[in-house]
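[1] Let me see the structure of the following:
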Amino acid sequence: MKSFAPLVLLLALPVVALAITEPKTETEYPDTLVLATAAGDVTLEATGVALREKTFMKVDVYTIVSYVVAGTDLGDEPHEMLRTVDVPKRIQMDLRRGFSREKLVNSFSEVIAKNYDDMSPIQADMDLFLAYFDRDAQENDVLVFDYEPGVGLTTTLNGETKGTIENAAFAEALWTVWFGKKPANKGLRKALSGAE
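    Below is the predicted model of the structure:
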């Protein structure tokens, strides 16, 4: 009689999820995740992870990870594709320190404004987006931005949905913060684009 012990042992082993890690903070993110969309579940894969630091003292502000639907061809300029491609995608920010609401909203609005000569097509959406943030940012806050074609940009703070903006142009505008021609930080853009 054949022994099935090796097979039982193999089936009992846990499935190890793969992760990508931000080196300085050792923050881990799954390298793939499943996003529920109106068209059904889709698999997103990580394009990169990074750490945002400020001042000459290199104070940790947030870790960040970028995802795009699996199989997306990012071409020779992945940051351009990640900003403009009309497919499901996600940005997640994990705050590592607290700071004022004013600093939080300015960090979005000032960078977006640098990437646009005319803000009028997205200004109403910008105002709505900034209104989601009605308190100071706190250490360990988790911000998630999910974009879904035909639905829009959904913002979640610590698991609470703040709202969805249908205008796809605003989702592209938000992505300029990290992937624009004038991003918040070019090192971040490079890391999130998978260029290093």
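
[2] Report pLDDT for the closest residue to L153 other than its chain neighbours.
    Leaving aside its chain neighbours, L153 sits nearest to A171 (4.1 Å; criterion: Cβ to Cβ, 6 or more residues apart in numbering). C-betas here are computed from N, CA, C, even on glycine. At A171, the pLDDT value in this model is 98.

[3] burial of A171, as a residue count?
    Here the number of neighbours of A171 (other Cβ atoms under 10 Å) works out to 25.

[4] Kindly report the same for A173.
    A173, neighbours per other Cβ under 10 Å, totals 26.

[5] Need phi/psi at S66.
    S66 adopts backbone torsions of phi -120, psi 140, taken as degrees, to the nearest 10.

[6] so who does the residue nearest to L153 touch?
    Residues near A171 by Cβ atoms under 8 Å, 6 or more residues apart in numbering: F145, Y147, G152, L153, I165.

[7] So which of those belong to strands?
    F145, Y147, G152, L153, I165 (DSSP state E).

[8] Buried ones only from the contacts of A171, please, as a PyMOL command.
    Buried residues within the contacts of A171, by 16 or more other Cβ atoms under 10 Å, are selected in PyMOL with:
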select buried, resi 145+147+152+153+165
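
[9] Next, format the contacts of A171 as a markdown table and append distance to D94.
    As requested, the contacts of A171 are exported to a markdown table (distance: Cβ to Cβ, whole Å):
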| residue | distance to D94 |
| --- | --- |
| F145 | 13 |
| Y147 | 19 |
| G152 | 23 |
| L153 | 19 |
| I165 | 22 |
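
[10] so which of the contacts of A171 comes closest to V42?
    When these are compared for distance to V42 (Cβ to Cβ), Y147 comes out closest, at 11.7 Å.

[11] That closest one contacts P88, doesn't it?
    Yes - checked against Cβ atoms under 8 Å, the pair Y147 and P88 is within contact range at 6.7 Å.
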